[in-house]
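Visitor: please work out how this folds:
(chains A, B, C and D)
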There are 2 protein chains.
Amino acid sequence: MPKVGMEPVRRQQLIDATISSVAEFGLQATTINSISKKAGLSSGIISHYFGGKQGLIEATVRYLLTNLKHELIKQVTPTTTPEQRLMLIIEANFARLQQRSDTTKTWLSFWAQSMHDVQLHRLQNVNSRRLLSNLVSSFKQLMGDDEAKLAAQLCAAMIDGLWLRAVLSKSDQDQFAHCEQLAKNFVCSLIKQYGA
Amino acid sequence: MPKVGMEPVRRQQLIDATISSVAEFGLQATTINSISKKAGLSSGIISHYFGGKQGLIEATVRYLLTNLKHELIKQVTPTTTPEQRLMLIIEANFARLQQRSDTTKTWLSFWAQSMHDVQLHRLQNVNSRRLLSNLVSSFKQLMGDDEAKLAAQLCAAMIDGLWLRAVLSKSDQDQFAHCEQLAKNFVCSLIKQYGA
DNA sequence: TTTTATTAATTGAACGTTCAATAAAAATAA
DNA sequence: TTATTTTTATTGAACGTTCAATTAATAAAA
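Guide: The predicted structure is shown next:
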């Protein structure tokens, strides 16, 4: 079996299997056995590539976060207007679901766990602050600094709130799309309200 | 030691200890030992009063939910205006923290777990729908039915979103109070926007 | 004494980690 | 090419730990 250069392949296999297992069973019931079984690999391989279960969990979170970041960056061009940029931010955040339906439950599990895990909390904070700073810089081009900060805070809360309630009520794709539209409309009303 | 009529006392002791343990260690690391130790009781008592760990977990969630409900009901009087009622709803929801600082982490843990636990998901849904229906009925007295439904959805998302982001960033009491004020201002702007 | 409340000890299953063994590919030598 | 050695990738059984649940014993109250 052994071919050279399997490392990146195996790492991705295990990360995918982790997302799948956490989505299906929850973080609590996710074991190295449930992961390795889904990956079609042995349990020992986890320690070999990630140093242990905890290392794999963290790598999985990092993967989800960088994915979210790239999802946004790849869409933005020099000609993107502030309004368009705000819409793209919303789309990227709701696409946490659209691209893979099983990632939503995973996000929620990791958020909860981040309250009791220093490493995960650090990663979570980076992500949360990036969303806010992206929003602030976009709003600042449309209104005063103070208004922009307020608008960004409300917008971030609205995105997370709509997303959270959709996940918790096990919404389908259509309901998610509806929430995404609500978030966009909300941004428009913020611009109208505070816009210079 | 044994006195008669200890059941309600012990039950509450164990529920309090569960909240405390989940807040400190997370749901994952909460064991019948960590709970019973915090309660100053033996681990066997959990099975005696709750049939097992799962029974205690569910009883704890039920306790938190009924508490939230009572928090709201006890404030509402026949003379409460719709605007006042909306403010009370927000206060009750943010008071999930104010009354006890360790309950916030507990809420988040239980939300995440509800994605993989049928019983918890049922309880969570009841609560989520009650918030929404409370909001809808209040808004309906201030605007048209369709506008009220929309306002309620946005308001529920804003409450949960602000609350979630405050919890995840480990905000202090002051920052929570600030978020509560943002939520109230948001309700006011909804009324101005859609109000008849 | 009988009942009720509680503890402390015990059980067996499940967990993450470790590690010696193995199997296949790659590299080298013939 | 073919044979041999070395490296890389992977396995799965064994180990020690931890957990929830159960059990028998104990202590106080009725």
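
Visitor: so what's the residue count around the spatially closest residue to residue A:189 that is not a sequence neighbour?
Guide: Using Cβ to Cβ, 6 or more residues apart in numbering or on different chains and skipping residues adjacent in sequence, the residue nearest residue A:189 is residue B:193, 7.3 Å away. C-betas here are computed from N, CA, C, even on glycine. Neighbours of residue B:193 under the rule other Cβ atoms under 10 Å in any protein chain shown: 13.

Visitor: test my guess that residue B:193 contacts residue A:190.
Guide: No: with contacts counted by Cβ atoms under 8 Å, residue B:193 stays clear of residue A:190, the gap being 11.5 Å.

Visitor: return every residue with contacts to both of those two.
Guide: Residues touching both residue B:193 and residue A:190 (Cβ atoms under 8 Å, 6 or more residues apart in numbering or on different chains): none.

Visitor: off-centre distance for the host helix or strand of residue A:67?
Guide: Following DSSP states H and E, one finds residue A:67 within helix A:53-73. Taking the mean of its C-alpha atoms, helix A:53-73 sits 8 Å from the chain's own mean (Cα atoms, centre = their mean, to the nearest Å).

Visitor: find the nearest non-adjacent residue to the closest residue to chain B within chain A, please.
Guide: Closest approach between chain A and chain B, counting by Cβ to the nearest Cβ: residue A:161, at 2.5 Å. Ranked by Cβ to Cβ, 6+ apart and with sequence neighbours excluded, the top spatial neighbour of residue A:161 is residue B:161, at 2.5 Å.

Visitor: count of neighbours near the one you found?
Guide: Using other Cβ under 10 Å, the number of residues around residue B:161 comes to 25.

Visitor: just residue A:63 next, same as before
Guide: Other residues close to residue A:63 by other Cβ under 10 Å number 16.

Visitor: wait, it sits on residue A:15?
Guide: Yes: assessed by Cβ under 8 Å, residue A:63 is found in contact with residue A:15 at 5.2 Å.

Visitor: hey, C-alpha coordinates of stretch A:14-30 in CSV?
Guide: What follows is stretch A:14-30, C-alpha atoms only, in CSV (Å, rounded to 0.1, in the frame of the first residue of the first chain):
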residue,chain,number,x,y,z
LEU,A,14,-8.9,12.4,8.3
ILE,A,15,-10.1,16.0,8.5
ASP,A,16,-13.0,15.1,6.2
ALA,A,17,-13.8,12.1,8.3
THR,A,18,-13.7,14.2,11.4
ILE,A,19,-16.2,16.7,10.0
SER,A,20,-18.4,13.9,9.0
SER,A,21,-18.2,12.2,12.4
VAL,A,22,-18.8,15.3,14.4
ALA,A,23,-21.8,16.2,12.2
GLU,A,24,-23.3,12.7,12.6
PHE,A,25,-22.5,11.9,16.2
GLY,A,26,-21.5,15.2,17.8
LEU,A,27,-18.1,16.1,19.2
GLN,A,28,-18.9,14.1,22.4
ALA,A,29,-19.5,10.8,20.6
THR,A,30,-16.7,11.3,18.1
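
Visitor: near chain B, which residues of chain A show up?
Guide: Taking Cβ under 8 Å from any Cβ of the partner chain as the criterion, chain A approaches chain B at residues A:25-29, A:105, A:108-109, A:111-117, A:121, A:124-125, A:128, A:150, A:153-154, A:156-162, A:164-165, A:167-170, A:179, A:182, A:186, A:189, A:193.

Visitor: so, low pLDDT: which residues of chain A?
Guide: Low-confidence segments of chain A (pLDDT under 70): A:1-4, A:97-99, A:101.

Visitor: residue of it closest to DNA strand D, please.
Guide: residue A:44 (2.2 Å; Cβ to the nearest atom of the strand).

Visitor: returning to what we had before: in what helix or strand does the residue nearest to residue A:161 lie?
Guide: Using DSSP H and E, the element containing residue B:161 is helix B:145-168.

Visitor: and the next element down the chain from that helix?
Guide: Following helix B:145-168 toward the C-terminus (DSSP H and E): helix B:173-194.

Visitor: quick one: contacts of that next one?
Guide: Outside helix B:173-194, the residues within contact range by Cβ under 8 Å, 6+ apart are A:150, A:153-154, A:157, A:189, A:193, B:83, B:86-87, B:90-91, B:94, B:97-98, B:101, B:139, B:142-144, B:147-148, B:150-151, B:154-155, B:158-159, B:162-163, B:165-166, B:169, B:171.

Visitor: so how far is DNA strand C from the residue nearest to residue A:30 when sequence neighbours are not counted?
Guide: Spatial nearest neighbour of residue A:30, chain neighbours left out: residue A:21 (4.5 Å); criterion: Cβ to Cβ, 6+ apart. Going from residue A:21 to DNA strand C by Cβ to the nearest atom of the strand, to the nearest Å gives 10 Å.

Visitor: then residue A:107?
Guide: From residue A:107 to DNA strand C the distance is 20 Å (Cβ to the nearest atom of the strand).

Visitor: before we move on, the earlier item: what residues of the helix holding residue B:161 count as buried?
Guide: For helix B:145-168, the neighbour count (16 or more other Cβ atoms under 10 Å in any protein chain shown) marks B:147-168 as buried.
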